[in-house]
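Enquirer: Pasting the sequence and the predicted coordinates here, then a few questions.
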Amino acid sequence: MGLVAGETLTVRDLLYGLLLPSGNDAAVALAEHVAGSQDAFVRLMNETGALLGLKNTTFANPHGLDDPAQVSTAADLAVMAKAAFAYPLLARIIATPTAQIAGRKLTNTNELLGAYQGADGVKTGTTDAAGECLVASTTRQGHRLLAIVLGSQARYADVRALFDFAGNGW
């Protein structure tokens with residue numbers, strides 16, 4: 001997100017910085033604001049994951065960068081995406097292609113927004129260990145489809161193919 005030491009932003013601004021350009025600095029700022037430290041926030045993340053019924057996810061940091069102790073599955077990511085859509089603010093943010101926030105133009109890394117019919121979220125992720133990952137959503141005729149690709153070489157093409165196959169006849 002490009003945070004500068006000492007600047008003050010709202011939680012809403014930090015959520016945009018976290019979810020559009022994948023701002024790791026925003027993730028750290030949110031973690032420290034909410035729980036007092038990154039370690040305390042990670043404990044909250046794992047407790048919340050257990051409440052959501054995540055079976056194969058362990059968080060080790062607030063930003064998702066590679067850590068051998070941090071793991072998840074496509075099934076658990078689908079549960080997390082569904083939970084995010086239950087919050088109107090999060091649903092609005094993850095569907096936003098670009099936003100002017102705190103004097104910055106933030107661009108969503110999800111290239112499907114505005115380029116694929118009905119695309120309305122969710123989140124990209126890329127690390128050396130995980131490769132290209134994408135949790136994507138499209139809604140048509142009142143039905144939402146989620147697609148999750150992990151370790152992809154071409155995440156957008158992969159998700160388009162999954163949506164086209166699943167939505168055949170829409």
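Expert: In hand now; what should we look at?
Enquirer: Please list all residues in contact with residue 61.
Expert: Residues in contact with residue 61 (C-beta atoms under 8 Å, 6 or more residues apart in numbering) are 38, 42, 67, 70. (Glycine included, C-beta is placed from N, CA and C.)
Enquirer: ok, and the third one, which helix or strand is that part of?
Expert: Translated: residue 67. If you go by DSSP states H and E, residue 67 is not part of any helix or strand.
Enquirer: show me where this structure has strands.
Expert: Using DSSP state E, the strands of the chain run over 98-101, 104-107, 119-127, 131-140, 143-152.
Enquirer: now those strands in JSON lines, with mean pLDDT?
Expert: Formatted as JSON lines, the strands of the chain follow (pLDDT from 0 to 100):
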{"stretch": "strand 98-101", "mean pLDDT": "97"}
{"stretch": "strand 104-107", "mean pLDDT": "98"}
{"stretch": "strand 119-127", "mean pLDDT": "96"}
{"stretch": "strand 131-140", "mean pLDDT": "96"}
{"stretch": "strand 143-152", "mean pLDDT": "96"}
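Enquirer: Quick one: closest of those strands to residue 78.
Expert: Closest of these to residue 78 is strand 143-152, at 5.3 Å (criterion: C-beta to C-beta).
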